[in-house]
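In: Sharing a sequence plus its predicted fold:
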Amino acid sequence: MEIRPTTGEEFDVFVDTMHAAFAQFRDTGATTWSALEMDRGLFATTEDGRPVGTAAAYSFELTLPGEAVIPVSGVTAVGVLPTHRRQGALSAMMRRQLADFRARGEFLSVLLAAEAVIYRRFGYGPATVTERLTVQRNRAAFALPQAVGGSIELLRRAECGEIMEEVYDRYRRVQPGALSRPSRWWASGAGQPPVSRSPRYVAVHRDADGVPDGYASYSLNEPDTLIVDETIAVDDTAGTALARFLLEHDLIAQVVFKHCPPDHPLRWRLVDLRAARTSDETDWLWVRLLDIPRALTARGWFADGELVLDVDDPALGEHGRHLLTVRDGEADCVPTDREPDLSLDVSDLGSIYLGGTAPSTLVRAGRIRAHRPGAAVLADALFRAERSPHCLHWF
Ligand SMILES: CC(=O)SCCNC(=O)CCNC(=O)[C@H](O)C(C)(C)COP(=O)(O)OP(=O)(O)OC[C@H]1O[C@@H](n2cnc3c(N)ncnc32)[C@H](O)[C@@H]1OP(=O)(O)O
C-alpha cells in the first residue's frame, strides 16, 4: 500500500472513494465537504495507483483551559474501501499524518471518531462529551426574572450574513474544547447546520448596545418539537435569553437542545429541575498530544502542585517521564528521573488534558496507575478546567 498526498484536481475522486468506504452515495448538490483542504489530503493506493483509502486534515484553532488558543490539525474523511480493510492502510495514513503534523510544528491533533475502538491505538483519547437536553415547555418556568436589556431578532439562515460567524468566533475563544470555524466553512456552507445552508430559523440575541452576542439555530422537526442545532452565546445572559425565547414558543410541547456540555446551567435555571432531561451522551472531540511538554505548558491551570507523569506512546514508539510543576496558573514541564506519581498511555493523557475527564476516573478504571496515595486527587485538582470542555463543531 502506497500513501501519497492528493491534489486539488482530485477532489471528486477523493470524496467518491471516501463515500464508498461508508457505503454511502454522494449527494452531488451537497456542500458537506467543500471546506476540505486538498493539499492536506492523503490517498492510500494499490500498486497500480488505484485509490483505496482516504484521510485528510483541517487547519483549526482549539481553545484550551485558560483561554489559550492553539493551532491543531483536525483529522477527517478517513475511509478504506471494504475490499482493502485490515491490511494496514489506515495505520500507514495515520503514521504519515502524525509525522506531517509534527513537521508543521503542531503539538496537538483532534478528531471525531466514527467508532470508539479505532483511534486509541494511534494515541487519541476521548476528551469532550456532548449531550441532548430535552425541556418540557409547560414545566419550563424560570427561577429568576429575565435580565433587563438586550433583544432578540428572528432571521432565516440565509439572512444571517456574517452574524453567526462573528458570534461563534467570540464564543469559541472563551470555551475550552471549542474549535474555530474558519471563514471558508461559513463561505461555502460546509458541514452540518447551521454552517450548512439548510433552511433554519435563527434567533439572534443582541446586547443592550445592539451588538449580536448569541444565536440559536432551530427548526420544527416533529409536530410539537423544536430542535435546536446549537445555542451559541458569548455569555450566560445571552444564553438564558435565547433559552427563554425558545421555551416560550407557542404550539410546542418540548425543546430539544442538541448539543450541550455536561455542566450546562439551563436545568438549574428552571423552577422544576425535572422539566429537563439529558440523553444521547456521546464522546465528541478526541485529543492526541504530539509534544507533551509543549502541550502541558500551553494550557492554563487553576490549582498549584507538582506531579511526575510517566507517559507511554506506543504508536510513536516513545516513552517519557515528565515533571509537571504548576504555580499561579502556569506550568513548567521538564524531563525527570524521579519516581512517577502516575503512569499512563498518551491516549489517556489526551482524555484528561482538557479537563473533561477526571484522572481519578481513569485510575478507578485501571487505565492510569497511581503510585502513591493522593496522586489521583492532586491530578484531579490540577487538570480541572474553568468549565466543562465542549466542542459542537462537526468535521
Ligand atoms: C476521523 C474520521 O474520519 S472517523 C471515520 C472512520 N471511517 C470509517 O469508520 C469508515 C468505515 N471503516 C473503514 O473505512 C475502515 O475500517 C477503517 C478506516 C476504520 C480502518 O481501516 P483499515 O485500513 O482496515 O485499518 P488497519 O488495517 O490499519 O487497522 C489497524 C488496526 O486497527 C484495527 N481496526 C481498524 N478499524 C477497526 C474497527 N472499525 N473496529 C475494530 N478494530 C479496528 C485493526 O483490526 C488493526 O488492528 P491490529 O493492529 O491489532 O491488527
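Out: Good, I have the coordinates.
In: the strands in the stretch 251-395 of the chain, which residues?
Out: Applying DSSP state E, counting those that start in this stretch to the stretch 251-395 of the chain gives strands spanning 254-260, 276-283, 285-289, 305-313, 318-327, 330-335, 342-345, 369-370.
In: Need the winner for burial among those strands.
Out: strand 285-289 (a mean of 28; mean count of other C-beta atoms under 10 Å). C-betas here are computed from N, CA, C, even on glycine.
In: Quick check: which helices or strands does that one pack against?
Out: The helices and strands touching strand 285-289, judged by 3 or more C-beta pairs under 8 Å, 6 or more residues apart in numbering; DSSP states H and E, are strand 108-112, strand 125-126, helix 346-353.
In: Do you know the pLDDT at the residue in the stretch 101-250 of the chain that the ligand sits nearest to?
Out: When scored by C-beta to the nearest ligand atom, the stretch 101-250 of the chain has Ala114 as its residue closest to the ligand, at 3.5 Å. Ala114 carries a pLDDT score of 98 in this model.
In: so who does Asp229 touch?
Out: With contact taken as C-beta atoms under 8 Å, 6 or more residues apart in numbering, Asp229 is in contact with Gln192, Pro193, Pro194, Arg200, Ser217, Tyr218, Ser219, Lys258, His259.
In: Now with 6 Å, please.
Out: Residues near Asp229 by C-beta atoms under 6 Å, 6 or more residues apart in numbering: Pro193, Pro194, Ser217, Lys258.
In: Which phi and psi values does it adopt?
Out: phi -60, psi -50 (degrees, to the nearest 10).
In: that older thread, out of the helices and strands packed on strand 285-289, deepest packed?
Out: helix 346-353 (a mean of 26).
In: got the contact list for the helix or strand where Val202 lies?
Out: Using DSSP states H and E, Val202 falls within strand 201-206. With contacts defined as C-beta under 6 Å, 6+ apart, strand 201-206 is touched by 151-155, 157, 160, 163, 212-218, 238, 241-242, 245.
In: quick one: stretch 49-69 to chain centroid distance?
Out: Here the centre of stretch 49-69 is set off from its chain's centre by 11 Å, with C-alpha atoms, centre = their mean, to the nearest Å.
In: Spell out which parts of the stretch 101-250 of the chain neighbour the ligand.
Out: Residues of the stretch 101-250 of the chain found near the ligand (C-beta under 6 Å from any ligand atom) are Leu111, Leu112, Ala113, Ala114, Glu115, Val117, Ile118, Arg121.
In: neighbour-wise, which of those leads?
Out: Leu111 (24 neighbours; other C-beta atoms under 10 Å).
In: So that one sits against Trp286, correct?
Out: Yes. Using C-beta atoms under 6 Å, Leu111 is in contact with Trp286, at 5.1 Å.
In: Please identify every residue contacting each of these two.
Out: With C-beta under 6 Å, 6+ apart as the test, Leu111 and Trp286 reach no residue in common.
In: what residues are up against Ala143?
Out: Val271.
In: Tell me which residues touch the residue lying closest to Cys260 once chain neighbours are set aside, please.
Out: Distances taken as C-beta to C-beta, 6 or more residues apart in numbering place Leu133 nearest to Cys260, at 4.5 Å, with adjacent residues excluded. Residues in contact with Leu133 (C-beta under 6 Å, 6+ apart) are Phe257, Cys260, Ala276, Thr278.
In: element containing Leu133, please.
Out: Going by DSSP H and E, Leu133 is part of strand 129-136.
In: my read: Thr76 touches His393, true?
Out: No. Contact criterion C-beta under 6 Å: Thr76 and His393 do not qualify, at 11.2 Å.
In: if we can go back for a sec, format the helices and strands packed on strand 285-289 as TSV; extra columns: distance to Val13.
Out: Compiled in TSV, the helices and strands packed on strand 285-289 are given as follows (distance: least, C-beta to C-beta, whole Å):
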stretch	distance to Val13
strand 108-112	23
strand 125-126	32
helix 346-353	32
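In: ok, back up a step: just flag the most distant two among the residues of the stretch 101-250 of the chain next to the ligand.
Out: Spanning the widest gap among these are Leu112 and Arg121, at 16.9 Å by C-beta to C-beta.
In: so can I have CSV of the contacts of Leu133 showing distance to Pro389 and pLDDT?
Out: Below are the contacts of Leu133 laid out as CSV (distance: C-beta to C-beta, whole Å; pLDDT from 0 to 100):
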residue, distance to Pro389, pLDDT
Phe257, 18, 98
Cys260, 13, 98
Ala276, 21, 98
Thr278, 17, 97
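In: looking at this, Ala30 is in a strand?
Out: No. Under DSSP: H, G, I helix; E, B strand; the rest coil, Ala30 falls outside any strand and is assigned coil.
In: how many neighbours does it have?
Out: 13.
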